[in-house]
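> Let's see this in three dimensions:
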Amino acid sequence: MTTLDKFIVENRNRYESELIDWLKIPSVSTDPAFKADVKRAAQWLAERFVSLKFKTELIETCGHPLVFAQSPVIEGAPTVLVYGHYDVQPPDPLDEWITPPFQPTIREGKIFARGATDDKGQMITHLFGAEAWIKTTGQLPINLKFLIEGEEECGSGGLYEFLAGKYDTPERSAEQLIKADIVVVSDNAQYAPGQPAVTYGLRGIAYFEIRLTGPKQDLHSGLYGGSITNPANTLSKMLASLVDDQGRIQLPGFYDDVIELSDNEREQFSSLGFDEQAYFASVGVTGATGEAGFSALERRWARPTCDINGLWSGYQGAGAKTILPARAGAKVSFRLVPNQHPDKVYVALKSHLESLCPPGITLELINIHGAPGSMVPLDSPYMTAAAQAIEKGFGTSPVFIRSGGSIPVVNAFAEQAGMDTLLLGWGQDDDNLHSPNEKFSLADYHRGIATSAHLWEEIGKIRQS
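This next block holds a predicted model:
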């Protein structure tokens with residue numbers, strides 16, 4: 001056992017005690033009633049960085065402060081930026097928690113509290129991984145920066161203003177502060193219990209609201225039906241036209257920029273032993289449809305999709321009301337694979353819907369938000385470093401996976417600073433993120449600390465090889 005590993009093992013109790021103190025702070029960013037607690041969480045974290053002699057700053061924003069910390073500079077060494085967040089979701093509904101959300105409780109080797117895995121517990125592993133180096137050798141083998149925000153759960157308004165340069169000063173700019181060779185984020189999950197993973201790809205998103213307006217008011221369907229165009233009928237036809245019977249999205253040029261899965265990736269996904277029937281059963285269905293020619297895992301991680309997220313029109317109450325509705329609307333999202341861009345999807349969707357819009361109907365398409373997908377090359381030296389660190393920390397090699405979700409800040413780092421991101425999650429899919437009884441395995445917490453410490457070592461070797 002190395003001196004580094006020995007230090008980490010000897011400090012297990014302290015790591016758990018500090019995590020408990022950290023989780024006791026109810027840093028609910030979206031509720032103004034918790035504003036002082038959110039600030040207290042930022043200060044708690046900043047104090048830990050100061051104790052390690054990191055150059056530390058609380059950057060005030062339009063919302064909650066950013067915590068920025070930087071280790072003493074080592075000329076010529078790689079630079080890593082760790083991103084995370086110290087704010088948490090509201091704990092409601094409180095009556096569904098077995099123990100109070102801000103009274104961390106250990107049961108069956110897991111710690112239960114709001115923020116346990118999203119993201120306080122995962123993020124702080126990197127602080128302790130850095131501490132282990134400083135306490136045992138006096139310095140890190142790399143340049144290490146932390147950018148930890150307090151508004152991830154309520155839109156990240158302050159972070160995006162910071163990245164846009166709004167809080168720059170003559171002494172420093174956001175561009176200078178975040179400049180790094182690679183970003184590390186631990187705000188996701190392993191592939192499965194006992195099977196750590198490196199997530200190398202994220203889907204993007206394009207989210208829209210469709211509004212159709214017909215007559216100036218609801219009309220009697222007997223007196224007007226058949227002579228006035230029905231917005232609900234029209235919307236139904238429009239939505240049905242978006243995806244064909246083979247699961248292919250019908251927007252013009254939609255697949256032009258899609259990067260196809262390589263044979264190697266498909267073999268890799270297949271080797272994971274994903275149980276489709278168990279997956280279906282876990283959400284209460286007996287089967288599913290999707291794009292023809294692809295497995296459920298491939299569709300979920302690496303193929304673009306179109307989903308209706310909300311739908312409304314006409315009478316919704318009990319019994320019958322024979323009307324021709326004046327309005328109809330829907331919310332629609334497209335998950336995008338790397339190389340697709342939400343702006344192009346907007347143009348294609350608008351053109352498609354306009355071609356289907358009949359006389360008597362006014363169409364409004366609202367572009368709510370979007371972000372492109374991202375992918376780190378599997379042959380990146382940082383991917384190799386992450387895999388080697390995980391094997392040392394977890395005792396087993398990771399698998400390489402994609403995620404069907406979107407993390408907009410990853411795209412911001414790529415677009416604004418040209419930085420790729422390593423997504424190294426220590427949590428599990430069933431950790432109840434955003435739900436009652438959120439939890440985090442303490443064994444994985446300690447493995448995450450060990451992995452983090454070894455990650456700094458492995459990345460430190462990249463420019464020396």
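
> what mean pLDDT does stretch 193-204 have?
The average pLDDT for stretch 193-204 rounds to 94.

> Straight-line length of it, end to end?
By Cα to Cα, to the nearest Å, the extent of stretch 193-204 from end to end equals 26 Å.

> List the buried residues for that stretch?
Pro196, Ala197, Val198, Thr199, Tyr200, Gly201, Leu202, Arg203, Gly204 (16 or more other Cβ atoms under 10 Å). All C-beta atoms are positioned from the backbone trio N, CA, C, and that covers glycine.

> Hmm, Gly150 is touching Glu60, no?
No - with contact defined as Cβ atoms under 8 Å, Gly150 does not reach Glu60; the gap is 10.7 Å.

> Spatially central residue in the protein, please.
For the chain, the residue nearest the mean C-alpha position is Ile407 (3.6 Å; Cα atoms, centre = their mean).

> Just the local confidence number for the residue lying closest to Tyr200 once chain neighbours are set aside, please.
When the adjacent residues along the chain are set aside, Tyr200 lies closest to Val376, with 4.7 Å between them (Cβ to Cβ, 6 or more residues apart in numbering). pLDDT recorded at Val376 is 90.

> Burial check on Val376, number of neighbours?
24 (other Cβ atoms under 10 Å).

> ok, now the one 4 residues further on?
By the measure other Cβ under 10 Å, the count of residues near Ser380 is 15.

> picking up where we left off before, contact partners for the residue nearest to Tyr200?
The contact partners of Val376, by Cβ atoms under 8 Å, 6 or more residues apart in numbering, come to Tyr200, Gly201, Tyr382, Met383, Asp420, Thr421, Leu422.

> swap in Gly225?
By Cβ under 8 Å, 6+ apart, the neighbours of Gly225 are Leu324.

> ok, now Leu378?
Per Cβ under 8 Å, 6+ apart, neighbours of Leu378: Tyr200, Phe400.

> how about it, phi and psi?
Per-residue torsions, Leu378: phi -70, psi -20 (degrees, to the nearest 10).

> and if you look at the one 3 residues further on?
Backbone torsions for Pro381, taken as degrees, to the nearest 10, come to phi -60, psi -20.

> Show me which residues of stretch 300-308 are buried.
Result for stretch 300-308 [16+ other Cβ under 10 Å]: buried residues Arg300, Trp301, Ala302, Arg303, Pro304, Thr305, Cys306.

> At which residues are the helices of the stretch 1-150 of the chain located?
3-10, 12-23, 35-51, 120-137 (DSSP state H, counting those that start in this stretch).

> most packed of these?
Among these, helix 120-137 has the highest mean neighbour count (mean count of other Cβ atoms under 10 Å), at a mean of 23.

> Quick check, pLDDT for Ala417.
89.

> Setting the sequence-adjacent residues aside, check what's closest to it.
The shortest distance from Ala417 to any non-neighbouring residue, by Cβ to Cβ, 6+ apart, is to Ile178 (6.0 Å).

> shouldn't that neighbour be in contact with Gly165?
No - with contact defined as Cβ under 8 Å, Ile178 does not reach Gly165; the gap is 11.2 Å.

> Between these two, which has more neighbouring residues?
The neighbour count for Ile178 versus Gly165, taken as other Cβ under 10 Å, is higher for Ile178 (21 against 11).

> what sits against that one?
Leu81, Lys145, Leu147, Leu163, Phe413, Ala417, Met419.

> dump the residue contacts of the third one.
Contacts here follow Cβ under 8 Å, 6+ apart; on that basis Leu147 touches Leu66, Val67, Phe68, Leu81, Val82, Tyr83, Leu177, Ile178.

> Now pLDDT and distance to Leu212 too, for those residues, in a markdown table please.
As requested, those are exported to a markdown table (pLDDT from 0 to 100; distance: Cβ to Cβ, whole Å):
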| residue | pLDDT | distance to Leu212 |
| --- | --- | --- |
| Leu66 | 98 | 42 |
| Val67 | 98 | 46 |
| Phe68 | 98 | 47 |
| Leu81 | 98 | 45 |
| Val82 | 98 | 46 |
| Tyr83 | 98 | 40 |
| Leu177 | 96 | 46 |
| Ile178 | 96 | 43 |
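
> What's the per-residue pLDDT of Gln89 here?
95.

> Likewise for Val409?
Reported pLDDT for Val409: 89.

> and if you look at Lys120?
The predicted local confidence for Lys120 is 98.

> and what of Ser465?
At Ser465, the pLDDT value in this model is 45.

> What segments of the stretch 301-450 of the chain are helices?
With DSSP H, counting those that start in this stretch, the ranges of helices along the stretch 301-450 of the chain come out as 342-356, 381-394, 408-417, 442-460.

> By mean pLDDT, show me the worst of those helices.
Among the helices of the stretch 301-450 of the chain, helix 408-417 scores lowest, at a mean of 88.

> Identify each buried residue in that one, please.
By neighbour count with 16+ other Cβ under 10 Å, helix 408-417 contains the buried residues Pro408, Val409, Val410, Asn411, Ala412, Phe413, Ala414.

> Val198: what secondary structure?
Under DSSP: H, G, I helix; E, B strand; the rest coil, Val198 falls in the strand class.

> Let me know whether it touches Ala386 as I believe.
Yes - the pair Val198 / Ala386 is scored as a contact, 5.1 Å apart, by Cβ under 8 Å.

> intersection of neighbour lists for those two?
Pro398, Leu422, Leu424.

> and the nearest residue to the last one once chain neighbours are set aside, what is it in contact with?
In this case it means Leu424. What sits nearest to Leu424 in space, not counting adjacent residues and going by Cβ to Cβ, 6+ apart, is Ser186, at 5.2 Å. Residues near Ser186 by Cβ under 8 Å, 6+ apart: Gly84, Asp119, Gln122, Met123, Thr125, His126, Leu423, Leu424, Gly425, Trp426, Gly448.
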